[in-house]
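Peer 1: Based on what follows, work out the 3D shape:
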Amino acid sequence: MTKLSVNINKVATLRNARGGNNPDVAQTARDLERFGAQGITVHPRPDQRHIRPDDVRTLAGILNVEFNIEGFPSKEFCDLVCEARPAQVTLVPDGPQQLTSNHGFDTLRHHDFLSDPIRLFQSRGIRVSLFVDARNDVVEGAAALGADRVELYTEPYAAQYAADREAAIAPYVEAANHARSLGLGLNAGHDLSLENLAFFHERIPFLDEVSIGHALVCDALYLGWKETIRRYLDCLK
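Peer 2: The predicted model follows:
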């Protein structure tokens, strides 16, 4: 079964807007776990505009589901991940001032840059996933680097879904099958939602994990956490 990992960055954004600890990021993660989420994802950025290093340390000590830490492999990020020892680290090419992810790593051009962090994390028993575009060449580059998984960047799929979902999914099916043929595990994330998730999963049923944050948190404002998690899990049946 494809696992649902919930990105809780937006919960931290709301907390940070007023200071204090409301909403409580750690309690939210516990509740999401209780409601059926099979993983928790965070993306600690250098400006600490949402998830902070102390959040990462706290979550590492309390979660019973899979913990996934996303980020750009700077020295500070690598040190934090090695301290927290999550189940998985997802390496993304976001610069310090980037609002959100808008492309995947070019695993061919950045081969030398990525090789040391991958070896470092794997030596600590941490599974490594590389955030990539739906292209066979960068999937091959991830395999050549020895990554465990790739996470397909799905914003282009989401943007085209309403107009032509068959055209939108086509490059993802090709890249996913190629990743599978190379022995890579497969994750997906960015702008997946209740509108487009079920079709994505129907066409790529062997996904290991989807990581969903913004759309899921927005849905929870109307539906509540418990009902929202139930509906997302239904999309993955």
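Peer 1: Give me the neighbour count for N22.
Peer 2: Neighbours of N22 under the rule other CB atoms under 10 Å: 9. In this view, the C-beta of every residue, glycine as well, is placed from N, C-alpha and C.
Peer 1: Just to be sure, it is in a helix?
Peer 2: No - with DSSP: H, G, I helix; E, B strand; the rest coil as the criterion, N22 is assigned coil and is not in a helix.
Peer 1: how about the nearest residue to it, chain neighbours excluded?
Peer 2: R15 (6.4 Å; CB to CB, 6 or more residues apart in numbering).
Peer 1: At the geometric centre of the chain, which residue do we find?
Peer 2: Against the mean C-alpha coordinate of the chain, by CA atoms, centre = their mean, the closest residue is S211 at 4.1 Å.
Peer 1: so how far is E140 from that one?
Peer 2: 23 Å (CB to CB, to the nearest Å).
Peer 1: repeat for L192
Peer 2: On the measure of CB to CB, L192 and E140 end up 24 Å apart.
Peer 1: the more surrounded of the two?
Peer 2: L192 (26 against 16).
Peer 1: roughly how far is the lengthiest helix in the chain from the heart of the chain?
Peer 2: Looking across the chain with DSSP state H, the single longest helix is helix 165-181. The chain centroid and the centroid of helix 165-181 are separated by 18 Å, computed with CA atoms, centre = their mean, to the nearest Å.
Peer 1: Flag every buried residue along that helix.
Peer 2: Across helix 165-181, burial judged by 16 or more other CB atoms under 10 Å covers 168-169, 171-172, 175-176, 178-179.
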